[in-house]
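Undergrad: Fold the following.
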Amino acid sequence: MGNVLIATDWLAACAGCHMSLLDLDERLVELLYHVTFTSSPVTDLKHPPESGVTVGILTGAISNTHNIEVARRMRSRCTYLVAVGDCATFGGIVGARNLVGTQAALRRAYLETESTVDGQIPDSPELGRPLDFVTGVGDVVKVDIFLPGCPPRPDDLHYVFAEVLSGRIPVMLPRENFRYD
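TA: Numbering: from 1, shown residues only. You can find the predicted model right below:
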């Protein structure tokens with residue numbers, strides 16, 4: 001197992017999966033001696049280098065145009081792309097807005113409740129335009145490995161990362177081994 005470059009990025013989600021990369025089971029610490037994070041929750045670098053990243057890890061759903069750009073950029077720079085968590089896999093909790101519609105969800109969140117945005121729906125190019133339908137990363141770019149869970153169990157994360165860092169695409173475990181919350 002050689003030293004490999006890993007980049008992470010966080011799309012639209014609650015941040016649980018992305019932050020769980022910081023406080024995983026201690027067995028994952030052994031893997032850290034074999035990786036260099038080019039972007040992660042620790043480095044706070046928002047985008048990976050132009051090329052040469054071995055493993056890209058995306059957490060969160062695709063809910064706006066900015067998320068699409070981030071997913072495409074990560075895919076173009078990484079050998080393997082891993083979608084971690086229920087949101088990245090199939091839209092997860094972020095996809096709940098699909099039940100009421102994007103505009104109704106935005107009205108409820110920003111206009112009909114106490115808010116710090118003075119009763120206006122945020123409209124910034126940096127945020128991206130909200131999509132009509134929230135979806136998983138695999139609907140936008142090719143994903144090599146899906147790891148569901150909210151967040152995934154440390155055993156599952158350890159297995160997937162150990163396999164990828166050893167140059168293998170993991171054979172995914174039976175569904176009953178994954179935790180869906």
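Undergrad: what's near enough to touch the closest residue to Asp132 other than its chain neighbours?
TA: Nearest in space to Asp132, with sequence neighbours left out and distances taken as CB to CB, 6 or more residues apart in numbering, is Thr102 at 5.6 Å. (Each C-beta comes from the backbone N, C-alpha and C, glycine too.) Contact partners of Thr102, counting by CB atoms under 8 Å, 6 or more residues apart in numbering, are Pro130, Leu131, Asp132, Phe133.
Undergrad: Would you mind pulling the contact partners of stretch 131-140?
TA: Against stretch 131-140 from outside (CB under 8 Å, 6+ apart): 11-12, 58, 61-65, 67-68, 71-72, 81, 83, 87-92, 94-95, 97-98, 101-102, 143, 146.
Undergrad: Sitting in helices, which of those residues do you find?
TA: Of the contacts of stretch 131-140, the ones assigned to helices by DSSP state H are Thr65, Asn67, Ile68, Ala71, Arg72, Cys87, Ala88, Thr89, Phe90, Thr102.
Undergrad: Now, of those residues, which are buried?
TA: Among the ones in helices among the contacts of stretch 131-140, those classed as buried by 16 or more other CB atoms under 10 Å are Asn67, Ile68, Ala71, Cys87, Ala88, Thr89, Phe90, Thr102.
Undergrad: Including distance to Thr113, could those residues go into TSV?
TA: Formatted as TSV, these follow (distance: CB to CB, whole Å):
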residue	distance to Thr113
Asn67	24
Ile68	28
Ala71	30
Cys87	22
Ala88	27
Thr89	29
Phe90	27
Thr102	17
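Undergrad: Can you tell me which of those comes closest to Val171?
TA: For these, the closest approach to Val171 (CB to CB) belongs to Thr89, at 17.3 Å.
Undergrad: okay, and for this structure, where does confidence drop off?
TA: Scanning the chain for pLDDT under 70 picks out 1-2, 18-50, 115, 117, 172-181.
Undergrad: what residues are up against the spatially most central residue of it?
TA: The central residue of the chain, meaning the one whose C-alpha is nearest the mean C-alpha position (CA atoms, centre = their mean), is Thr59 at 1.0 Å. Taking CB under 8 Å, 6+ apart, we find Thr59 in contact with 8-11, 13, 17-18, 21, 83-85, 87-88.
Undergrad: Alright, that wraps it up for me.
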